[in-house]
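> Build me a structure from this.
(one chain, ligands or ions: 1)
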Amino acid sequence: CSDDHTHAARDGHDHSHAKREFPSTKLAPPSRPLHWASLNIIHTTDSHGWLLGHQKTSFPEPNYSGDFGDFASFVTHMKEIAVEKDVDLLLVDSGDLHDGTGLSDGYPAGGVDAHASNEFFKQLPYDLLAIGNHELYIYNNTLDMHVSCKVLKLFCLQALVRYNNFAPRFNGRYLSSNVNITIDGVSRPVGDRFAKFKTRKGREVTALGVLYDFTGNDKNTTVQPVADMVKEAWFAEAIKDEPDFFLLAGHMPVSKDNWPLVFNAVRAVHPLTPILILGGHTHIRDCLQLDGRSMSLESGRYMETVGWMSAELPAPKGHGSASSSSKNITFTRRYLDPNRVTYEYHTGRGNFSFDTPWGRSITKGLENLAKVFDLSFQFGTAPHDFTINQAPYPSNDSVLSLMAEAMPVAFSLNNSRASLPNIMITNSGSLRFDIYAGPFTKNDQLTASPFADSFLYIPSVPFAAANAVLPALNGAGADERRRDETVEAELWARGYVGTRYTEWLEEMYRRDVEQGGEARHAAANLSLGYVTTDACPGVGDDTPHAPLAFNNIPDFIASDAPAVADDTPIDLVFVDFIESQLIGILNSVQKDKTYTTADILSYTDVLATEVLGIYAQQAWN
Ligand SMILES: Nc1ccn([C@@H]2O[C@H](COP(=O)(O)O)[C@@H](O)[C@H]2O)c(=O)n1
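Numbering: from 1, shown residues only. Okay, here's the model as predicted:
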């Protein structure tokens, strides 16, 4: 029933779901069926707590409206199809489960970030998972992901009750090849370093879970540089025997990063063994092939993409295969929009036959969690959409401008310093999602600004110096040059990854404009969404779209500067996440004083997560 495939509403059997039966918006179905091969992979990455799907009705949001219950039903049906076709199907995740929505970050005081939302992740039959940098910003979050009783022994009982929850569920398949946690003075992998297992069809797999060279991790966690990891004895031992294929999952972008180090280390020992790489971190859809017997796939962010990879691998060793073949392997990849229309199309199901009891129970559980966390609490009504990249900055429609306006309002509450002149600076990367017109809820607040960062200040900074900090941070000095490469590399290592994502958005928009976009979209009836060009052959995006408008944004933003003389002492207020860069920059824009951390004080108890809500209560009611 074709109509059954073009609406994302549910069948309505369970009326308690009615509120969530969004969107009534019509969604275009995928352009063509997936290509199945002897080995197939469903890939998620950078989900950041987006397990209830995207709930707004303006495009592109409906494209991503499937929730994790829908995804669970999809996985169940796809596993059944794999059995019918008698092929392998693996489910892989590349990390960053924390920081992003009310489900992950809206927990009550005393809780652990993403602990509750990860309970749902644990219900999915993942074959392999890798740790992300967002699992490492806060020690307790890392601990919450930690390793099994096999390793912990004495700590185990306490850990089982309090923390020991994530890695053990996946029984050796939650990998942190180069990431350790220190407990009671002992440093040990957060998950496991590597895994060896057999697929349903008997293929032998050697798997790794690698994190890029991240340096913003909390104390008592360590990230070993990838270049050092590949020199480790355990690494050599792990890759020594030839499997049917290597499965390299990791929170590391497939382009312009260190996958070649891992790939080359494996290739040095196994010149022909298939290598399948599932990356993440830059939030983009991307694919490349490091050689003809390998493919690397990255599957976006925020459950806006479910990745698909297929590889026509020979039969498992010992089944008469020619595993030493040097011919290129036939690979395909596809970027799926996670919604019920997509899921039903690829599983051959309709609204009446798609939901599994298990999928429904996950949806119900997520909705209950949203209630427990009071995520629909309304701070006010957003008068119009505020976007990160669709609107210019500064402008009335920019989330960044909104934050710059909201900080002074939110921080003036019960603050004796509020009457003194100030400049307030934050990183634009802390703003993670657009705000849509209509009710502005606790969930919307946390999707827009999910990091519980605090605000600090340095008192009595001469205005001229304080006012020079923002342009210097943004690298737009007198000569208009970008920041030098050292600063850029440091920012990248600390997790400033926004540039790659915005470059990707910019490129798809620019390409489209060059091709005379608008008329084409109208003729093809395209809705807004991602338009991917990558380095792999064949069709990438599962559903064709027209790209969103794009505007460049700075890496750092600030409240309006006060109208005071250059030598007026003012408060230089800034988010704690940028403390080290800010001090460095402040010392570079003036030489009268060398500022140190001793000059820094706490400015307010209001956290970055709370700013927009406080503002909305005052300005949008
Ligand atoms: N406490 C924090 C932690 C991170 N950020 C921002 O997140 C960005 C990294 O996130 P990815 O999902 O891309 O790994 C980083 O650019 C920071 O801007 C933050 O603001 N506060």
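> Give me the average confidence score over the host helix or strand of G584.
Taking DSSP states H and E as the definition, G584 sits inside helix 579-589. Over the span of helix 579-589, the pLDDT mean works out to 95.
> try stretch 64-71
pLDDT averaged over stretch 64-71 gives 98.
> ok, now stretch 125-139?
Rounded mean pLDDT across stretch 125-139 is 97.
> Stretch 407-416 now?
Stretch 407-416 comes out at a mean pLDDT of 96.
> What's the end-to-end length of that stretch?
This stretch, stretch 407-416, spans 15 Å end to end (Cα to Cα, to the nearest Å).
> The helix holding G584 - contacts with which helices or strands?
Packed against helix 579-589 by the contact rule (3 or more Cβ pairs under 8 Å, 6 or more residues apart in numbering; DSSP states H and E) you find strand 455-462, helix 463-473, helix 485-494, strand 569-575. C-beta here means a position set from N, CA and C on the backbone, and glycine is covered the same way.
> Kindly report the residues of the stretch 101-250 of the chain close to the ligand.
N133, H134, Y137 (Cβ under 6 Å from any ligand atom).
> can we see that at 8 Å?
Taking Cβ under 8 Å from any ligand atom as the contact definition, the stretch 101-250 of the chain meets the ligand at G132, N133, H134, Y137, G216.
> tell me how far the helix holding G584 is from the chain's mean position?
28 Å (Cα atoms, centre = their mean, to the nearest Å).
> same check, this time on stretch 362-376
Once both centres are worked out by Cα atoms, centre = their mean, stretch 362-376 turns out to sit 21 Å from its chain's centre.
> Just the CA trace of it, in CSV.
Listed next in CSV are the C-alpha coordinates belonging to stretch 362-376 (Å, rounded to 0.1, in the frame of the first residue of the first chain):
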residue,chain,number,x,y,z
ILE,A,362,11.4,1.5,23.7
THR,A,363,9.3,4.4,22.4
LYS,A,364,7.1,4.2,25.5
GLY,A,365,10.1,4.0,27.8
LEU,A,366,11.6,7.1,26.2
GLU,A,367,8.4,9.0,26.4
ASN,A,368,8.2,8.1,30.1
LEU,A,369,11.7,9.2,30.7
ALA,A,370,10.8,12.6,29.0
LYS,A,371,7.9,12.9,31.5
VAL,A,372,10.1,12.0,34.5
PHE,A,373,12.7,14.6,33.4
ASP,A,374,9.8,17.1,32.8
LEU,A,375,11.2,17.8,29.3
SER,A,376,8.0,19.5,28.1
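> Mean confidence (pLDDT) on that stretch, please.
For stretch 362-376, the mean per-residue pLDDT is 98.
> what's the answer for stretch 520-531, then?
Stretch 520-531 shows a mean pLDDT of 88.
> Please identify the buried residues of it?
Of all the residues in stretch 520-531, those buried under the rule 16 or more other Cβ atoms under 10 Å are H521, L526, S527, L528, G529, Y530, V531.
> Stretch 119-137 too?
Judged by neighbour count using 16+ other Cβ under 10 Å, the buried positions of stretch 119-137 are 119-121, 123-124, 126-137.
> Narrow those to those in strands?
If you go by DSSP state E, these have L128, L129, A130 in strands.
> Just give the number of residues close to the nearest residue in space to P338 that is not next to it in sequence.
Nearest residue to P338, sequence neighbours excluded (Cβ to Cβ, 6 or more residues apart in numbering): G66, at 4.3 Å. Residues within reach of G66, counting by other Cβ atoms under 10 Å, total 27.
> So G66 versus S325, what's the distance?
38 Å (Cβ to Cβ, to the nearest Å).
> Equivalent analysis for I557, please.
Separation of I557 from S325 (Cβ to Cβ) stands at 54 Å.
> list the contacts for H281?
Shown in contact with H281 (Cβ atoms under 8 Å, 6 or more residues apart in numbering): 45-46, 94-96, 132-133, 212, 251-253, 257, 298, 497.
> next one: F245
By Cβ under 8 Å, 6+ apart, F245 lies in contact with L39, R203, V205, T273, P274, I275, L276, A311, L313.
> Repeat that for H384.
The contact partners of H384, taken as Cβ under 8 Å, 6+ apart, are N396, D397, A437.
> for the first one, helix, strand, or coil?
Secondary structure for N396, judged by DSSP: H, G, I helix; E, B strand; the rest coil, is coil.
> Point me to the residue of the stretch 401-550 of the chain nearest the ligand.
For the stretch 401-550 of the chain, the residue closest to the ligand is G429, as judged by Cβ to the nearest ligand atom, at 2.3 Å.
> number of nearby residues for that residue?
By other Cβ under 10 Å, neighbour count at G429 equals 21.
> Would it be right to say that it lies in a helix?
Yes. Assessed with three-state DSSP, G429 lies in a helix.
> right, and it touches P554 too?
No. Assessed by Cβ atoms under 8 Å, G429 is found out of contact with P554, at 10.6 Å.
> which regions of the stretch 251-400 of the chain lie under the pLDDT threshold?
319-324 (pLDDT under 70).
> Spell out, range by range, the strands that occur in it.
For the stretch 251-400 of the chain, applying DSSP state E, counting those that start in this stretch gives strands covering 275-279, 285-288, 294-299, 306-311, 331-336, 378-382.
> Mean neighbour count and distance to the ligand for those - can I get that in a markdown table?
Compiled in a markdown table, the strands of the stretch 251-400 of the chain are given as follows (neighbours: other Cβ atoms under 10 Å; distance: least, Cβ to the nearest ligand atom, whole Å):
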| stretch | mean neighbour count | distance to the ligand |
| --- | --- | --- |
| strand 275-279 | 27 | 13 |
| strand 285-288 | 24 | 14 |
| strand 294-299 | 28 | 12 |
| strand 306-311 | 24 | 17 |
| strand 331-336 | 26 | 18 |
| strand 378-382 | 17 | 21 |
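> As JSON lines, those with distance to G100 would be great.
Listed next are the strands of the stretch 251-400 of the chain as JSON lines, based on distance: least, Cβ to Cβ, whole Å:
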{"stretch": "strand 275-279", "distance to G100": "19"}
{"stretch": "strand 285-288", "distance to G100": "18"}
{"stretch": "strand 294-299", "distance to G100": "16"}
{"stretch": "strand 306-311", "distance to G100": "17"}
{"stretch": "strand 331-336", "distance to G100": "19"}
{"stretch": "strand 378-382", "distance to G100": "19"}
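> Brilliant, that's me finished.
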